[in-house]
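> using only what follows, build the 3D model:
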Amino acid sequence: MAKFKFIDLFAGIGGFHLAMHALGGECVFASEVDAPARKTYTHNFQKISPHLFENDLFNSDIRTVLPEDIPDFDMLCAGFPCQPFSQAGHKRGFNDSHKSERGNLFFNIVDILAAKKPQAFFLENVRGIVNHDKGKTFRVIREILEEELGYSFYFKIVKASDYGLPQLRPRAFMIGFRDEGCLKSFHFPESQPLKFTMSDVWKGECSREIGFTLRVGGRGSPIDDRRNWDSYLVDNKVKRLSHHEAKKMQGFPDEFEFPVAATQAMKQLGNSVAVDAVQVCGDALITHMLSLQTREKSMKKTKNKGEWTEFLIFIILLKDRKLSLADKDLNPTSNFLTVSKVTTHNLDYECDISQADTIRISSKTSTEEKTVKTADVVDSTLINNLVDKIKGGTSSQKADIVLDISTDQFFKQQEGFGIKSYLGSKPTLLNASGNTNFIYRVTGIDPDCIDEVNNIDSSSKLKSRVAKIQALGGQLTFEKTEKETLNYNLKLVDSFMPVIVAYMLHQFHVNRSATIEENLIAVHQAGDLNKEIGYGELDVLIIKVKKLLVNILLGFFPGKKWDGYYNANGMIVMKGNGQQVGFSLLDQRALENYLFEHIRFDTPSMTRHRYGSLIRENDNSLYFKLNLQLRFL
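Next comes the predicted model:
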């Protein structure tokens with residue numbers, strides 16, 4: 001069995017794959033957009049990792065992948081595109097909207113890390129990324145990985161020659177571990193002596209022990225020109241590199257083959273990672289990662305807000321044996337659900353509380369069972385037993401807790417309820433991601449004004465950018481959702497729902513309405529939506545949007561094709577004062593009214609979710625993206 005599983009993003013010809021495979025890793029997913037590089041990758045890895053090609057796990061465009069569809073893995077490896085950060089480029093960094101967001105592909109990595117939560121990552125980029133835009137680009141990368149995603153962050157400028165290869169090739173290596181906390185102790189390995197020199201590469205006496213950095217393009221300069229990187233003095237003769245020498249300089253084995261033209265092979269090697277450098281640092285990463293996994297098993301991990309809320313609600317339900325239903329203002333009403341059994345999708349145990357004085361705790365997967373007195377629900381033994389076992393729901397669940405409930409009229413088993421907590425920051429109804437972008441075509445302005453808009457960096461820069469586009473005479477017209485899955489799910493609610501949401505989202509970024517209700521009223525009064533969808537009654541729009549909010553709460557995720565069914569039957573709210581109340585589909589009107597009056601649009605991170613900048617395509621057409629996130633008031 002493999003020691004670990006990894007994915008290989010922006011894979012090129014597979015330098016990361018070779019290194020990690022040699023260390024005992026199994027590649028479970030790979031992605032590379034360049035067709036000639038894909039040909040070389042397939043040629044060399046179809047025997048090493050046949051499952052990638054047999055199961056359609058060698059992707060051709062990472063922007064088309066839903067992170068949830070990627071197999072589980074331990075480590076993300078990525079030499080993400082370096083052109084926007086290169087000394088030779090325009091140095092636009094994250095604002096490189098001139099080439100179809102080339103610079104923003106880093107945020108596909110972010111989306112995958114956020115969804116899959118692997119133990120570690122290993123990123124590689126050009127040295128210039130560290131100082132790009134006076135360090136701002138690198139700072140954003142680090143802040144997102146550390147503060148938003150909860151990973152530690154280590155980096156070092158590594159030369160290929162530091163780890164045995166006779167080539168300069170300075171590159172920024174970035175390594176991080178999830179939830180490392182106080183266990184932070186990773187160190188990059190000490191430098192190692194050269195395994196061979198350029199004389200060994202050329203099989204003759206070379207004037208240089210360590211070679212120049214392999215590059216893409218710019219070949220053919222005279223040997224004494226400062227731009228020269230591919231001419232060497234060997235046995236007193238000038239020789240020019242071919243892909244055979246370049247392959248050895250990069251650490252690729254002799255049996256590695258290039259089923260492409262020699263010029264393509266040189267380009268592919270110039271874009272690749274230095275295999276030995278990745279392998280030595282990867283070995284240290286894996287050792288540390290496995291050590292963390294071992295230590296985690298012997299330590300009680302601190303629960304997050306969601307896990308603690310679920311645990312508190314679990315205990316309160318065991319004690320109270322009922323769930324009070326709420327009105328639209330979260331005030332408990334006289335109506336309640338009697339609870340006779342409590343469990344979660346993530347817990348092997350279920351607690352039967354149908355008997356007045358006892359709690360029967362039984363395993364779902366075995367005959368294990370025990371009974372405790374209701375009065376002992378706060379007994380430390382029971383608490384400790386449950387706190388270690390109750391885990392927060394995953395991002396692919398709508399139901400966090402499962403109940404058997406009854407009233408005077410009915411009895412229902414295994415009814416799922418989602419949980420929203422006001423302990424701490426306000427909860428979200430819909431989290432922003434790369435799946436929630438809406439694309440608008442921009443007309444009426446000169447394409448050359450792109451920098452004038454994108455350089456706006458005020459505290460409310462998104463609103464200011466939209467206002468600037470309008471001030472220049474531009475118009476935003478909804479084109480489509482960026483991901484077809486979201487479009488499909490919205491249309492299941494109503495055929496016009498993508499258009500309705502697009503108008504509401506645009507209106508929010510113009511006027512920043514406080515609630516969904518205020519937003520929809522403003523959209524209706526503007527009149528443009530009414531003309532496009534063919535009906536203008538506000539009451540009809542309200543009904544449709546209320547239905548949408550319930551469907552988001554209980555039914556669909558933006559990144560997964562929905563089957564039209566609800567995955568939960570209600571919601572439990574943990575109020576800021578510790579009181580819990582609930583909503584059930586038994587009183588759908590109360591739930592709809594609460595959501596409609598207490599949900600607002602939110603503005604998530606622009607850099608992370610790749611929106612809020614003018615994008616110019618090759619035909620000079622302009623586009624602008626807005627991102628949908630919904631938060632409770």
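> avg pLDDT for the helix or strand where residue 451 lies?
Assigned by DSSP states H and E, residue 451 belongs to helix 450-454. Across helix 450-454, the average pLDDT comes to 91.
> run through the strands of the stretch 51-200 of the chain in chain order.
58-59, 75-78, 120-126, 154-158, 171-177 (DSSP state E, counting those that start in this stretch).
> including distance to residue 475, could these go into JSON lines?
Glycine gets a C-beta too; all of them are placed from N, C-alpha and C. Rendered in JSON lines, the data for the strands of the stretch 51-200 of the chain read as follows (distance: least, C-beta to C-beta, whole Å):
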{"stretch": "strand 58-59", "distance to residue 475": "35"}
{"stretch": "strand 75-78", "distance to residue 475": "37"}
{"stretch": "strand 120-126", "distance to residue 475": "37"}
{"stretch": "strand 154-158", "distance to residue 475": "43"}
{"stretch": "strand 171-177", "distance to residue 475": "41"}
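> list the buried residues of the longest helix seen in the chain.
Scanning the chain for the longest helix, with DSSP state H as the assignment, gives helix 275-297. For helix 275-297, the neighbour count (16 or more other C-beta atoms under 10 Å) marks 275-283, 285-286, 288-289, 292 as buried.
> go on, stretch 118-137?
Buried residues in stretch 118-137, defined by neighbour count with 16+ other C-beta under 10 Å: 118-130, 132-133, 137.
> regarding residue 607, which helix or strand does it belong to?
helix 606-609.
> for the residue found closest to residue 511 once you drop the neighbours it is linked to in the chain, phi and psi?
Excluding its sequence neighbours, the residue lying closest to residue 511 (C-beta to C-beta, 6 or more residues apart in numbering) is residue 522, at 6.2 Å. Dihedral pair for residue 522: phi -60, psi -40, per degrees, to the nearest 10.
> ok, residue 522 touching residue 512?
No: with contact defined as C-beta atoms under 8 Å, residue 522 does not reach residue 512; the gap is 10.4 Å.
> ok, back up a step: which residues touch the helix holding residue 607?
Helix 606-609 has contacts (C-beta atoms under 8 Å, 6 or more residues apart in numbering) with 94, 107, 110, 140, 144, 148, 432-434, 436-437, 461-462, 612-613, 627.
> flag the least confident of these.
The lowest pLDDT within those belongs to residue 94, with 49.
> now do the strands in the stretch 301-450 of the chain.
322-326, 332-343, 349-352, 358-363, 369-373, 401-406, 411-421, 428-430, 437-443.
> and the strands in the stretch 451-600 of the chain, which stretches?
According to DSSP E, counting those that start in this stretch, the strands that the stretch 451-600 of the chain contains are 475-481, 570-574, 580-584, 599-601.
> dump the ones you listed into a markdown table; add mean neighbour count as well.
Output for these, formatted as a markdown table (neighbours: other C-beta atoms under 10 Å):
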| stretch | mean neighbour count |
| --- | --- |
| strand 475-481 | 17 |
| strand 570-574 | 24 |
| strand 580-584 | 23 |
| strand 599-601 | 22 |
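> need these in CSV (columns: distance to residue 163 and mean pLDDT).
Listed next are the strands of the stretch 451-600 of the chain as CSV, based on distance: least, C-beta to C-beta, whole Å; pLDDT from 0 to 100:
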stretch, distance to residue 163, mean pLDDT
strand 475-481, 45, 95
strand 570-574, 51, 94
strand 580-584, 56, 94
strand 599-601, 49, 95
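> just so I know, which of those lies nearest residue 454?
Among these, the nearest to residue 454 by C-beta to C-beta is strand 475-481 (15.0 Å).
> next one: the closest one to chain centre, how far?
24 Å (C-alpha atoms, centre = their mean, to the nearest Å).
> contacting residues for residue 164?
By C-beta under 8 Å, 6+ apart, the neighbours of residue 164 are 192, 193, 194, 195, 251, 276, 277, 280.
> which of the three states applies to residue 228?
Residue 228 falls in the coil class when you classify it by DSSP: H, G, I helix; E, B strand; the rest coil.
> wouldn't it be in contact with residue 221 here?
Yes: if you go by C-beta under 8 Å, residue 228 and residue 221 touch, sitting 4.3 Å apart.
> give me the more crowded residue out of those two.
residue 228 (17 against 13; other C-beta atoms under 10 Å).
> from residue 210, how far out is the more buried one?
Look at residue 228 and residue 210: by C-beta to C-beta, to the nearest Å, they are 15 Å apart.
> mean confidence for stretch 17-35?
Mean predicted confidence for stretch 17-35 is 96.
> in it, which residues are buried?
Using 16+ other C-beta under 10 Å as the test for burial, stretch 17-35 gives 17-21, 23, 25-32, 34.
> which residues touch the one helix or strand residue 232 maps to?
Taking DSSP H and E as the definition, one finds residue 232 inside strand 231-234. Contact partners of strand 231-234, identified using C-beta under 8 Å, 6+ apart, comprise 198, 202, 204-208, 211, 221-223, 238-241.
> among those, who's most crowded?
Within these, neighbour counts (other C-beta under 10 Å) peak at residue 211, which reaches 26 neighbours.
> contacting residues for the most centrally placed residue in the chain?
By C-alpha atoms, centre = their mean, the chain has its centre lying nearest to residue 111, at 1.3 Å. The contact partners of residue 111, by C-beta under 8 Å, 6+ apart, come to 67, 433, 434.
> so what's the residue nearest to it when sequence neighbours are not counted up against?
Excluding the flanking residues, the one nearest residue 111 by C-beta to C-beta, 6+ apart is residue 434, at 4.6 Å. Residue 434 makes contact with 63, 107, 108, 111, 482, 483, 609, 610, according to C-beta under 8 Å, 6+ apart.
> can you redo those as TSV with distance to residue 313?
Shown next, in TSV, are those (distance: C-beta to C-beta, whole Å):
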residue	distance to residue 313
63	38
107	34
108	35
111	29
482	35
483	33
609	30
610	35
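> just the buried residues of those residues.
Among the contacts of residue 434, the ones that count as buried by 16+ other C-beta under 10 Å are 63, 107, 108, 111, 482, 483, 609, 610.
> so which of those residues belong to helices?
Counted as lying in helices by DSSP H, out of the buried ones among the contacts of residue 434, are 107, 108, 111, 609.
> would you check which pair of the residues you listed lies furthest apart?
Most distant of those, by C-beta to C-beta, are 108 and 609, 10.8 Å apart.
> ok, residue 401 - contacts?
Neighbouring residues of residue 401 by C-beta under 8 Å, 6+ apart: 310, 313, 314, 317, 342, 343, 344, 416, 417, 419, 572.
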